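Visitor: Okay, predicted coordinates and the sequence, questions at the end:
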Amino acid sequence: MHDETATITRLSCPAPRLAALMSTLPAWAWALLLWASLLLLIALAQGRLLFGRAWRIRRTQPGPGAARRHTQAVGLERPGGVRLQGWLTAPAAAAPQRLLLWFGGRNEHVAWTPDLAGWLPDDCALLAFNYRGLGGSTGWPGEAACVADAEAIAAWGLAQLGLPPSALHLAGRSLGSGVAMQLAARRAAQGCPPTSLTLISPFLSLKALLARNPLLMPLAPLLRSPLDSGTAAQALACEVLVLLAERDRQVPHHHSLRLAQRLRAAGCAVTVQQLPGTNHRSLARTPQAMGCVGQWLAPRSTG
């Protein structure tokens with residue numbers, strides 16, 4: 001009995017000792033543990049944190065051609081029981097000849113995109129889907145899943161409208177610029193690149209953005225969604241429009257301009273425009289920006 005009691009005592013000692021040890025930790029050690037724990041939580045939930053949540057639909061001024069279009073809610077089934085929620089806005093008078101596929105930014109509910117469609121040329125349809133976990137889309141977001149979804153959406157949209165691969169144009173805002181770049185590179189590798197890219201507040205890569213913050217830099221090796229647009233740019237040789245806000249704290253101009261340089265080096269014809277009176281959040285929905293997108297696409301409607 002004495003031996004059993006001693007064994008139990010020895011086994012139960014580590015917990016009190018650990019508690020005593022932790023009680024003697026200095027404040028800086030507690031701060032370090034808290035920081036490490038926070039980084040671990042961010043790494044585990046990075047998909048949800050990166051793509052965010054769409055709490056509300058932020059509508060904007062419909063374009064001058066809005067009355068000449070019709071919009072329908074659409075859905076797309078994906079493996080694993082995932083269902084994506086989207087909207088297709090097409091010309092009402094005639095079959096569209098081109099398709100602009102829109103990829104939203106973080107926390108963006110893309111049900112607002114029919115407002116943008118009214119600024120596009122009359123021969124151009126607009127298709128947008130919410131990322132996994134945003135709005136009515138189910139599933140867990142991440143680069144691999146969302147880029148695979150983007151491939152399926154592009155194929156579905158072209159088939160739905162009876163359009164050839166050459167009719168596809170891509171547009172992405174902020175986070176969506178990374179998804180659009182990855183899709184463009186994949187389609188280029190398959191021999192069916194998009195005809196054009198519109199990038200609004202684009203970044204070179206998410207790792208490059210993390211490097212701006214010393215506290216978040218340790219997350220870089222754990223990043224499962226790097227959205228490396230700089231590498232994707234090497235596969236492209238299309239026309240590209242880059243729209244920048246006058247003030248942008250989320251994606252500094254030099255990140256966007258470095259991506260523009262990579263695209264030019266790859267053989268892309270890149271146009272960069274900075275719009276006064278805008279910031280990162282407001283840029284995409286301003287009439288000025290939407291008008292720029294429409295005007296930039298307009299020459300292609302005449303063949």
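Guide: It's in.

Visitor: ok, how many other residues are close to Thr53?
Guide: Not quite, residue 53 is Arg, not Thr. The local packing of Arg53 (other CB atoms under 10 Å) involves 12 other residues. Every residue, glycine included, has its C-beta placed from N, CA and C.

Visitor: isn't it right up against Leu134?
Guide: Yes - with contact defined as CB atoms under 8 Å, Arg53 reaches Leu134; the gap is 6.4 Å.

Visitor: first vs last residue of stretch 195-209, how far apart are they?
Guide: 28 Å (CA to CA, to the nearest Å).

Visitor: hey, C-alpha coordinates of stretch 174-185 in CSV?
Guide: Output of stretch 174-185 as CSV, limited to C-alpha atoms (Å, rounded to 0.1, in the frame of the first residue of the first chain):
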residue,chain,number,x,y,z
SER,A,174,-8.2,43.1,-53.9
LEU,A,175,-8.4,39.5,-52.7
GLY,A,176,-10.3,38.7,-55.9
SER,A,177,-7.4,39.9,-58.0
GLY,A,178,-5.4,37.0,-56.6
VAL,A,179,-8.1,34.5,-57.5
ALA,A,180,-8.5,36.1,-61.0
MET,A,181,-4.7,35.8,-61.5
GLN,A,182,-4.6,32.2,-60.5
LEU,A,183,-7.5,31.3,-62.8
ALA,A,184,-5.9,33.3,-65.7
ALA,A,185,-2.6,31.4,-65.3
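
Visitor: ok now that stretch, how far from the chain's centre?
Guide: The chain centroid and the centroid of stretch 174-185 are separated by 7 Å under CA atoms, centre = their mean, to the nearest Å.

Visitor: cool, and stretch 260-275?
Guide: On CA atoms, centre = their mean, the centre of stretch 260-275 falls 19 Å from the chain's centre.

Visitor: Start and end of it, how far apart?
Guide: With CA to CA applied, stretch 260-275 spans 17 Å between its terminal residues.

Visitor: and it, which residues are buried?
Guide: By neighbour count on 16 or more other CB atoms under 10 Å, the buried set for stretch 260-275 is Ala260, Arg262, Leu263, Ala266, Cys268, Val270, Leu275.

Visitor: Kindly report the same for stretch 186-195.
Guide: Arg186, Arg187, Ala188, Pro193, Pro194, Thr195.

Visitor: same check, this time on stretch 199-212
Guide: Those buried within stretch 199-212 under the rule 16+ other CB under 10 Å are Leu199, Ile200, Ser201, Pro202, Phe203, Leu204, Ser205, Leu206, Lys207, Ala208, Leu209, Leu210.

Visitor: what's the first-to-last distance across it?
Guide: End-to-end span of stretch 199-212 (CA to CA): 21 Å.

Visitor: Now do it, average pLDDT.
Guide: Average pLDDT, stretch 199-212: 87.

Visitor: from the chain's centre, how far out does it sit?
Guide: Taking the mean of its C-alpha atoms, stretch 199-212 sits 11 Å from the chain's own mean (CA atoms, centre = their mean).

Visitor: Just name the shakiest helix or strand of this structure by mean pLDDT.
Guide: helix 2-12 (a mean of 47; mean pLDDT, DSSP states H and E).

Visitor: who does the helix or strand hosting Leu101 pair up with?
Guide: In the assignment (DSSP states H and E), Leu101 maps to strand 98-103. Taking DSSP bridges as the criterion, strand 98-103 pairs within the sheet with strand 124-129 (parallel), strand 168-173 (parallel).
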